[in-house]
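>>> the sequence isn't on hand, but the structure is:
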């Protein structure tokens, strides 16, 4: 369905903004800018909201502050707030000054909440009512809030005199309640809310676990501040999953296939240098045993086997731990249990794979000693892989870093260094016992 | 917040079923079974729905068919349908026979839709109305559908005489429309729907792109069959992301940190054997050059550097391509463009990293020839990494396989084999030119 939409079809002004954004992301910047400027203001503003952040940043750089302010004024405050941080400081100040006072104040308020918290993703697009109003007044309020974007309102949120959230009322219920009843007499009193400083990952977990359509956001005093919708939670979940996958292998977390190559280069190269350092560490371990390899060159054949198997088995463990942490299925206090399981698995895998590697070493090179050394090193390296697959992400989390951060680079460092050390160290012992 | 809930607190019967499921997943099977049987029937049924599929399967194995049927009868048909395939064939037949006729028929109908399609995830929990009904009749219908689960209904779906979807009506609009108007005069005619056989990944993409609260599901004739909700889309997105991350490194896609270790072993070991085969292929390449290494043992030090850097750079490319394919941000027809970008990046990274490796090789071992060989091999291997990082997932997709499937195993095979071949092959040429 997406592919049909991306084909040249209806004019951009008649397309869904998300589809226009898709198209602009694939065009050279100048051409994309020209298309954007030809759109009606509301369409242009919504396209910026739907575009990938870095594309929106590039597109906005070329727009005069007055024009951009006119676009941002059209948007709901929380959407405009997502765009403002993408502007250069000077342009940002100019745009905020050119905005209508109320919208500017709204945006400044929302900008206080970090973007990765409930406050940073909530919308103010909700209907809140005092508990002492009547059903008839509630209906009147809904009638007055006639913006098209609110057609999908399913709940009304009920607050007390201090604006604290005290209940929720399905619109459906409202329709059949006697008009002169008070809202507090018909509302549902058990209403779940999320604190404004809750991590956005936690918010997504709440949605997936409890299947909410919307989750109200409250401050420390329980005052209603906004609403996170299920579709926002979906966007967060996708963003977080992308980020984790990318962080694991040394990417920024924000790169897309169509990110300009110069920007990709600047982001990937530092991590490649980190990996290079770790690769040289592994190389240095091999260097310690250069004489050994010169005297027993068949050892070199098994270096990639020992290291590669350790790396793959470790990645299996690491992937499960990183992902289950992100999904809230696993927490730090489950660490011991997961470690025990993975070590047991490492032992079993290690015995089976170690035996296989040992047999191949023996039969291929006709040397039972080589087989024994390779098999034992394989077993030990799979245990090291299991340990580091659990310890690296949990350790990062303990340090309050993202458990995914460069974790695959760290893991393969362990499995390379440990693998070479086990294998070549055992080879030295074997050569001694063989009298070589 | 999750952690608070998981602590011993309220009795299980008063907890949210998702929290009870969380707790049971951490208990030994027998103890979990005992807890489950102590719950009221509706709570027990809902806990099974919320539990990880393989835990639900284990738990249900020990329940008598009549009791299980009584639990499944309480659930919405689409939730019961998710549980039925987890039963052993004999138990499944017994349970379906013990179910009330209508629920059994419903479940059999829903079982026809593959679980990874829109049909497999849709719910029948929606309100549909004929277009020629009046607003008053519509309100009456809503009043009659008083199930608590439907409190979050925001839209009514409108069909023609042939049950084809023709429009949608926000409940909010219905409240203010004149009671004797016909539904077709007040409904919104432009309604998006998804075909029943659409891939569930596509459904999640639609939700993220267009921010729906719900998306109706239709058959080939446009007849309304069901509804996918935003919270379902969130669950799908999380499941698909987990699956992709796992498939990349040779996991089943369904494993969790608390999957029993014997089951994990059976699933991981086959992929470890696949990886072992590829590791031996890399080892065999080294074996071809055993004499070379014996005569120039410093080469062995650079083997892990050339292979490791290629593997990490390739994983960067692979991760972006796999993820953007899953998010619908990238399609097969974008292949050439992404390949061009990644090759250009591979060239630039290769020149910079190659130069670094070359200098280290020269200065560390005092051999300009070693530096030249290592640097050139590094450049070539980063080009191979870029190529395979794009070609592997797109190739898998062309073959109608999951683009993530074992892709990291395949990629490191390429970067190991190609890396060793470039490096050791160039070393042979260098030794010849040096007259060794």
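Okay, I see it. In this text the structure is predicted, and so the values were computed from the model without any measurement. Residues are numbered from 1 along each chain as shown, chains lettered A, B, ... in the order given.
>>> which residues touch residue A:279?
Contacts for residue A:279 (C-beta atoms under 8 Å, 6 or more residues apart in numbering or on different chains) come out as A:416, B:304-305, B:308-309. Using the backbone N, CA and C atoms, a C-beta is placed for each residue, glycine as well.
>>> correction: residue A:213
Applying C-beta under 8 Å, 6+ apart, the residues near residue A:213 are A:154-155, A:229-230, B:152, B:154, B:213, B:229-231.
>>> cool, and residue A:135?
Residue A:135 makes contact with A:174, A:177-183, A:186, according to C-beta under 8 Å, 6+ apart.
>>> same for chain B: which of the residues you listed are within range?
Among the contacts of residue A:135, the ones lying near chain B by C-beta under 8 Å from any C-beta of the partner chain are residue A:174.
>>> for the contacts of residue A:135, which one is nearest chain B?
residue A:174 (7.7 Å; C-beta to the nearest C-beta).
>>> can you give me the neighbour number for the closest one?
A count of nearby residues for residue A:174, using other C-beta atoms under 10 Å in any protein chain shown, gives 24.
>>> also residue A:368?
14.
>>> list the buried residues of the helix or strand containing residue A:66.
Assigned by DSSP states H and E, residue A:66 belongs to helix A:65-74. Neighbour-count burial for helix A:65-74 flags A:65, A:68-74 (criterion: 16 or more other C-beta atoms under 10 Å in any protein chain shown).
>>> and the strands in chain A?
Taking DSSP state E as the test, the strands found in chain A are A:128-130, A:155-159, A:165-170, A:194-195, A:214-218, A:224-229.
>>> what's the closest of those to residue B:257?
With C-beta to C-beta as the criterion, residue B:257 lies closest to strand A:194-195 of the strands of chain A, at 24.8 Å.
>>> pairing partners for that closest one, with directions?
strand A:214-218 (parallel) (DSSP bridges).
>>> quick one: average pLDDT of the partner strand?
Here strand A:214-218 scores 94 as its mean pLDDT.
>>> the inter-axis angle of that strand versus strand A:224-229?
150 degrees (axes from the mean of the first three to the mean of the last three C-alpha atoms, to 10 degrees).
>>> correct me, but residue A:36 touches residue A:46?
No. Contact criterion C-beta atoms under 8 Å: residue A:36 and residue A:46 do not qualify, at 11.2 Å.
>>> who has more neighbours, those two?
Higher neighbour count among residue A:36 and residue A:46: residue A:36, with 25 against 21, using other C-beta under 10 Å.
>>> against residue A:54, how distant is that one?
Using C-beta to C-beta, to the nearest Å, residue A:36 is found at 15 Å from residue A:54.
>>> low-confidence ranges in the stretch 1-150 of chain A?
Residues of the stretch 1-150 of chain A that meet the criterion pLDDT under 70 lie in A:1-10, A:146-150.
>>> point me to the residue of it nearest chain B.
Per C-beta to the nearest C-beta, residue A:18 is where the stretch 1-150 of chain A lies closest to chain B, at 4.5 Å.
>>> distance check, that residue against residue B:212.
Distance, residue A:18 to residue B:212, by C-beta to C-beta: 11 Å.
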